[in-house]
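S.K.: Quick one: sequence and predicted model below, then my questions.
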Amino acid sequence: MNFINVVYMIMFFFGIYLVSFFVLLHYRNGKRLFDSSEPNRYPSLSIIVPAYNEEKSIAKTLIALLKLEYFGKKEIIVVNDGSKDDTLKIARGFAKKNKEIIVLDKKNSGKADSLNYTIKRAKGELMAVVDADSYPEKDALLKMVGFFEEKNVAAVTSRVLVKNKDNWLEKYQVADYSIIAWTRKLLDFVNSVYVTNGPLSIYRKKVIEKVGGFDSKNLTEDIEITWNLLSKGYQTRMAYSAVVYTSVPANLNGWIKQRVRWNLGGLQTMKKYQKNIFRNPENTFGYFVIPYVALSFFFAMVGIILLVRYLWIKGAFYFYSFFYSLRGYNFFRYLDINIQLTIILIFSFIFLLISLVYYKTGFANSQMKKSSLMKILNYTIIYRSLYIIPLLLAFYKIIRGDIGWYTK
Amino acid sequence: MVHKIINNKYRIFVETLILTIVIYLLGFSFGFFIENYRTNNIIENYKNDVINEADLRLQNYYYEIMSKEDCNFSIQENFIFADRIYNTGLRLEQYEEANQLTGDLLLEKKQYILLKTELWFNTILLKNKCGNPFDTVVYVYSNRPVNQALISEQKIISNVLKNLKEEKGNQIVLIPIAGDLDLDIVNLQLKRYNVTSLPSIIINEKDVLEGFHSEEEISGYLRS
């Protein structure tokens, strides 16, 4: 067996492992997906909304927050991170009418820093972080707070759904967010929630202060804080029934920029916590989360290389066919279709089959409910291929050492 | 320490591993079965070669002693024989490309090339004896093309020749031969016809066309 085929076979092994891992997890825990428990008491809660140039969405977010049901004390703190638009004015207008809302104003310093700034002023035992373009459903907090009954739980995150679903890119992201949320909830069953998302997550404030707050140098402070907590033995949980709607990028440019930031932040976080790999067998962080994320990046890169190689081989053949067709070769008569049942083809088929089960199950338990074979193939083949662009850009930026402008 | 990881909650990691290994082994076994089937097929074909080889040698004796009246019949037999070897060759090539688990069958391949060279000699002899009533097209290719350009070029040339053969059926004998397997007799032949680069096409032991040529161009060198 030649080297390339060995690489393919290794990829298939890990691919089959991961996909069947999620399918098995669902098979075991699917009935408990939406579970949440009522707490014995409702701790005081500060809802923090960091806002930078959010004049278009801040009002709607605040309206959603005011509607939130909660049976304990709560306050809403908008922290204006030096916006250049009318964000501050709108927030102050709300504060005038609602005593629950407090507005803080500071110079621009990024989301993580704004959060750290606000922690000192927040009165709640728990702190919810809500992005200024996200809109929690009114029972979201109630579904989440029960998880804090367990002492070791330091963060609880929610299920993010897509608010704007009009154009093709937004529709793809509906599917994408569905799968992301579903797999994250499944990881919850093995204590491996490794992202507490920006649109809505609740943290135990005391613990956040103890671990040193949010890392203002990191591009994805929501990933970083979660890894920080996991590395120190805290638990992070996810409430699948707690729903928050968020605005997703409506054009490819915005989407790429967002994903480059996710990739860079992910890599940055991984570098920071790499020493934790295969340490501390008490939780899954070192044995599963880090290798899982690292391998995802690694195999994505290997996948790209294999794809480029394949396209190069096919492309070269068609290029030369075209070239020789100028010299009398009948190009269209030989489109090189010769499919043999190879071991690679057999495994591709097996992998495709398990993946279909995976996506079908994931979508069935999401915003989408139903998914046809065509929809799944469309999402995986077309949309997931786009992942290559931000991934390569992220690596390119790392090589160039140029990640500065992403911090804001 | 490891046993702590594998408590109830985390047992699923090991279970998935077992499931993956089972799926993997099933896929592998199936792949192995298919490849084995194809390899057996190849080996079966090579076994036939031993008979074919003896047959070819005897045909050679026959051509030596036959009279001109036997030409028509002999040519026809030669065509059938050459076609069979050519078609088997195509199929074997496809099989070999598809077999990813088993190593390549270099020894068998060499044996096969020798067989084709023998066929070539016989054909030359037959043509001499019967007054050149048909064309021979010998395609000499590289068994290990070094780059994508060469791989594509060879694929394209063999497509062209396949098509030519389909069109001209009983007027040409097409013999593809790997030119770089270090077989003395093949080297001698290539030297004799001044073949200096691979791939090349030798037409009627006279014209040598290097690299790609279209069907029309090749036809121009043929008698028929």
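M.R.: That came in fine, so what should we check first?
S.K.: The residue of chain B found nearest chain A: neighbouring residues, count only.
M.R.: Nearest residue of chain B to chain A: residue B:214, at 2.8 Å (C-beta to the nearest C-beta). All C-beta atoms are positioned from the backbone trio N, CA, C, and that covers glycine. Per other C-beta atoms under 10 Å in any protein chain shown, the neighbour tally for residue B:214 reads 17.
S.K.: same question, residue A:37
M.R.: 12.
S.K.: nearest residue to the residue of chain B closest to chain A other than its sequence neighbours?
M.R.: Nearest residue to residue B:214, sequence neighbours excluded (C-beta to C-beta, 6 or more residues apart in numbering or on different chains): residue A:328, at 2.8 Å.
S.K.: My guess is the one you found contacts residue B:218. True?
M.R.: No: taking C-beta atoms under 8 Å as the definition, residue A:328 is not a contact partner of residue B:218, at 9.8 Å.
S.K.: between these two, which one's more packed in?
M.R.: Legend: neighbour count by other C-beta under 10 Å for residue A:328 and residue B:218, higher for residue B:218 (21 against 14).
S.K.: what sits against that one?
M.R.: Residues near residue B:218 by C-beta atoms under 8 Å, 6 or more residues apart in numbering or on different chains: B:137, B:160-161, B:164, B:201, B:203, B:209.
S.K.: for residue B:42, same thing?
M.R.: Counting by C-beta under 8 Å, 6+ apart, residue B:42 makes contact with B:92, B:95-96, B:105, B:108.
S.K.: Where is pLDDT lowest across those?
M.R.: For the contacts of residue B:42, the weakest pLDDT value sits at residue B:105, with 72.
S.K.: and the stretch 201-350 of chain A, which of its residues are near chain B?
M.R.: Listed as neighbours of chain B in the stretch 201-350 of chain A under the rule C-beta under 8 Å from any C-beta of the partner chain: A:281-282, A:284, A:287-288, A:312-313, A:316-317, A:319-321, A:324, A:327-330, A:333-334, A:336, A:338, A:340-344, A:346-347, A:350.
S.K.: So which of these belong to helices?
M.R.: Under the assignment DSSP state H, those contribute A:312-313, A:316-317, A:319-321, A:324, A:343-344, A:346-347, A:350 to helices.
S.K.: Quick check: buried residues in the helix or strand where residue A:392 lies?
M.R.: If you go by DSSP states H and E, residue A:392 is part of helix A:388-400. By neighbour count on 16 or more other C-beta atoms under 10 Å in any protein chain shown, the buried set for helix A:388-400 is A:390-391, A:393-395, A:397.
S.K.: Mind telling me the two of the residues you listed farthest from one another?
M.R.: Spanning the widest gap among the buried residues of helix A:388-400 are A:391 and A:397, at 10.9 Å by C-beta to C-beta.
S.K.: ChimeraX command to pick out the buried ones of the ones in helices among the residues of the stretch 201-350 of chain A next to chain B?
M.R.: The following ChimeraX line selects those of these that are buried, judged by 16+ other C-beta under 10 Å:
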select /A:316,317,320,321,324,343,344,346,347,350
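S.K.: Put together CSV for the ones in helices among the residues of the stretch 201-350 of chain A next to chain B, with pLDDT on each row.
M.R.: Formatted as CSV, these follow (pLDDT from 0 to 100):
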residue, pLDDT
A:312, 89
A:313, 86
A:316, 85
A:317, 82
A:319, 84
A:320, 83
A:321, 81
A:324, 81
A:343, 88
A:344, 89
A:346, 93
A:347, 94
A:350, 95
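S.K.: which among the ones in helices among the residues of the stretch 201-350 of chain A next to chain B gets closest to residue A:8?
M.R.: When these are compared for distance to residue A:8 (C-beta to C-beta), residue A:344 wins out at 5.4 Å.
S.K.: The residue nearest to that closest one when sequence neighbours are not counted: what secondary structure?
M.R.: In space, and not counting its chain neighbours, residue A:344 is closest to residue A:8: 5.4 Å by C-beta to C-beta, 6+ apart. Following DSSP: H, G, I helix; E, B strand; the rest coil, the label given to residue A:8 is helix.
S.K.: List the contacts of residue A:8.
M.R.: Residue A:8 sits next to A:306, A:344, A:347 when contact means C-beta under 8 Å, 6+ apart.
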